[in-house]
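Peer 1: here's a sequence, model it:
(chains A and B)
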Amino acid sequence: EAEVAQSPRYKITEKSQAVAFWCDPISGHATLYWYRQILGQGPELLVQFQDESVVDDSQLPKDRFSAERLKGVDSTLKIQPAELGDSAMYLCASSPDLVAGGINEQFFGPGTRLTVL
Amino acid sequence: KQEVTQIPAALSVPEGENLVLNCSFTDSAIYNLQWFRQDPGKGLTSLLLIQSSQREQTSGRLNASLDKSSGRSTLYIAASQPGDSATYLCAVLNSGGSNYKLTFGKGTLLTVNP
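Peer 2: This next block holds a predicted model:
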């Protein structure tokens, strides 16, 4: 069964350092999402891609976060510099289409647990 | 702005009991609603997806209902088992112009005691 892959699964870093997370969506899925989930909360969308284009990055802290999906397949989320408040689970998801009225179901990867010391 | 609320925040039941988890949302103009399961430190597993035109979906011991007009959904778990212990998240999909946004509740932490 096809799955969303993420790496690393765990990352510990010191504040002010740079970190990067990688996501490989399910093959053929045009839409890719990055979410941040703080402990005890639901996931919140950071950025959404349709193919290689960003369609929503309104909640992405652009002073320190960046995301890219250069060839419209896998994606990288970067934080530079990391802050203590960035400690969270970073989840990647993909879905097959954005077509209205169709089934828009998101499939999630295992996540990357980031701890900033 | 869509807001999703899940009640209760935590629930502890003995094995074998039937239970109901509740989800409410403020904007009824949704495309679908998903229920997810999340084990500690893990990603999300989709359990059920209900389209806006549907009233309910069933999978095994799980049944999810949707009352779009009142902004409510319930997840019914029959004959609960210790393996059902996890956090259950409700999420609704709305259109935000050219894109579609999934808004999550904070989840219900379920503990099923042997």
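
Peer 1: and chain B, which residues reach chain A?
Peer 2: Applying the criterion Cβ under 8 Å from any Cβ of the partner chain, the portion of chain B that neighbours chain A consists of B:4, B:31-32, B:34, B:36, B:41-46, B:49, B:51, B:89, B:91, B:93, B:95-96, B:98-102, B:104-107. Placement of C-beta: from N, CA and C, glycine included.

Peer 1: go again with 6 Å.
Peer 2: Residues of chain B lying close to chain A (Cβ under 6 Å from any Cβ of the partner chain) are B:43-44, B:49, B:89, B:93, B:99-100, B:104-106.

Peer 1: top of the residues you listed by number of neighbours, please.
Peer 2: Within the residues of chain B next to chain A, neighbour counts (other Cβ atoms under 10 Å in any protein chain shown) peak at B:Leu44, which reaches 27 neighbours.

Peer 1: what's near enough to touch it?
Peer 2: In this structure, B:Leu44 makes contact with A:108, B:36, B:38, judged by Cβ atoms under 6 Å, 6 or more residues apart in numbering or on different chains.

Peer 1: would TSV of those with pLDDT and distance to A:Ala2 be doable?
Peer 2: Supplementary listing: those in TSV, determined by pLDDT from 0 to 100; distance: Cβ to Cβ, whole Å:
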residue	pLDDT	distance to A:Ala2
A:Phe108	94	13
B:Phe36	96	18
B:Gln38	96	20
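
Peer 1: nearest to B:Leu62, of those residues?
Peer 2: Proximity to B:Leu62 was ranked across the contacts of B:Leu44 by Cβ to Cβ; first place goes to B:Phe36, at 11.7 Å.

Peer 1: where's the closest one, which helix or strand?
Peer 2: strand B:30-38 (DSSP states H and E).

Peer 1: buried ones in stretch A:44-61?
Peer 2: Applying a neighbour-count criterion of 16 or more other Cβ atoms under 10 Å in any protein chain shown, one finds A:45-50, A:55-57, A:60 buried in stretch A:44-61.

Peer 1: hey, what's A:Gln50 bridged with?
Peer 2: In this entry, A:Gln50 is beta-bridged to A:Thr31, A:Ser53, by DSSP bridges.

Peer 1: and the pLDDT at it?
Peer 2: Confidence per residue is given as pLDDT, and for A:Gln50 that number is 89.

Peer 1: could you do the one 4 residues further on as well?
Peer 2: pLDDT, A:Val54: 92.

Peer 1: secondary structure element holding the closest residue to it other than its chain neighbours?
Peer 2: The spatial neighbour of A:Val54 that comes closest, neighbours along the chain excluded (Cβ to Cβ, 6 or more residues apart in numbering or on different chains), is A:Val47 at 6.3 Å. Applying DSSP H and E as the criterion places A:Val47 in strand A:44-50.
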